[in-house]
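Trainee: Build me a model from this:
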Amino acid sequence: PASSAQGDLGFVDVLEQMGCTVSRGAELTVTGPSQLQPLGEIDLNPLPDGAMTVAVLAAFCPGVTRIRNVWNLRVKETDRIQALANELRKIGTVVEELPDGLHIEGDPARLHGAEIATYDDHRIAMCFGMAGARIPGIRIQEPACVAKTYPGFWDDLQAVGVQVRSV
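Mentor: All right, here's what the predicted structure looks like:
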């Protein structure tokens with residue numbers, strides 16, 4: 001709900017900056033534009049877990065998004081900055097790994113399918129699983145790692161119309 005005290009609610013503000021329309025009634029509703037907009041430089045220290053999804057979304061934005069001040073992503077389940085850079089490159093994104101974040105040159109026309117390593121990290125699997133909603137041929141290694149925090153993720157993704165199949 002819009003009245004939530006969760007810090008991650010700030011992710012909705014980032015989506016708004018990317019061009020999404022946000023309706024803040026009893027519940028939040030986010031509607032995406034036909035084309036997401038790059039963020040330029042953004043400090044995501046208050047939203048380190050959301051930074052991963054922002055990085056994947058930035059690949060779809062024509063232009064530069066520089067995510068900074070999330071050095072703490074290096075000390076999570078895996079070095080998430082390095083993992084994101086590796087996997088974004090696999091799908092065709094130009095990305096530079098920074099000490100405290102990522103410099104992403106988004107271009108949806110360059111994106112293509114790839115086999116995504118999850119590093120046994122639930123958030124990597126979920127971020128790139130969502131990318132698979134728009135990029136044909138995304139294959140997630142170790143998809144069961146989402147069970148750590150969201151065991152129904154793949155079912156829910158399928159319920160909203162994303163083709164999910166187990167190979």
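Trainee: for stretch 93-104, which positions count as buried?
Mentor: Using 16 or more other CB atoms under 10 Å as the test for burial, stretch 93-104 gives 93, 95, 97, 101, 102, 103, 104. Where you see a C-beta, it was placed from the backbone N, CA and C, and this is true even at glycine.
Trainee: Do me a favour and get the end-to-end distance for stretch 33-53?
Mentor: Terminal residues of stretch 33-53 lie 17 Å apart, using CA to CA, to the nearest Å.
Trainee: Next, the buried residues of it.
Mentor: 36, 38, 39, 42, 44, 47, 48, 49, 50, 51, 52, 53.
Trainee: Please list the members of those residues that lie in strands.
Mentor: residue 42 (DSSP state E).
Trainee: Pick out whichever of the buried residues of stretch 33-53 sits closest to residue 82.
Mentor: When the buried residues of stretch 33-53 are ranked by distance to residue 82 (CB to CB), residue 52 comes first, at 12.2 Å.
Trainee: So that closest one versus residue 98, what's the distance?
Mentor: With distances taken as CB to CB, to the nearest Å, residue 52 is found 15 Å from residue 98.
Trainee: re earlier: could you dump the buried residues of stretch 33-53 to CSV with pLDDT?
Mentor: CSV is the format used below for these (pLDDT from 0 to 100):
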residue, pLDDT
36, 96
38, 97
39, 97
42, 97
44, 96
47, 92
48, 90
49, 86
50, 92
51, 93
52, 94
53, 95
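Trainee: quick one: contacts for residue 77?
Mentor: By CB atoms under 8 Å, 6 or more residues apart in numbering, the contact set of residue 77 is 119, 120, 121, 122, 123.
Trainee: Doesn't it belong to a helix?
Mentor: No. According to DSSP: H, G, I helix; E, B strand; the rest coil, residue 77 belongs to no helix; its state is coil.
Trainee: tell me the helices in the chain, going along the chain?
Mentor: 10-17, 48-58, 80-90, 122-131, 153-159 (DSSP state H).
Trainee: got CSV for these, with distance to residue 140 too?
Mentor: Formatted as CSV, the helices of the chain follow (distance: least, CB to CB, whole Å):
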stretch, distance to residue 140
helix 10-17, 22
helix 48-58, 13
helix 80-90, 10
helix 122-131, 5
helix 153-159, 9
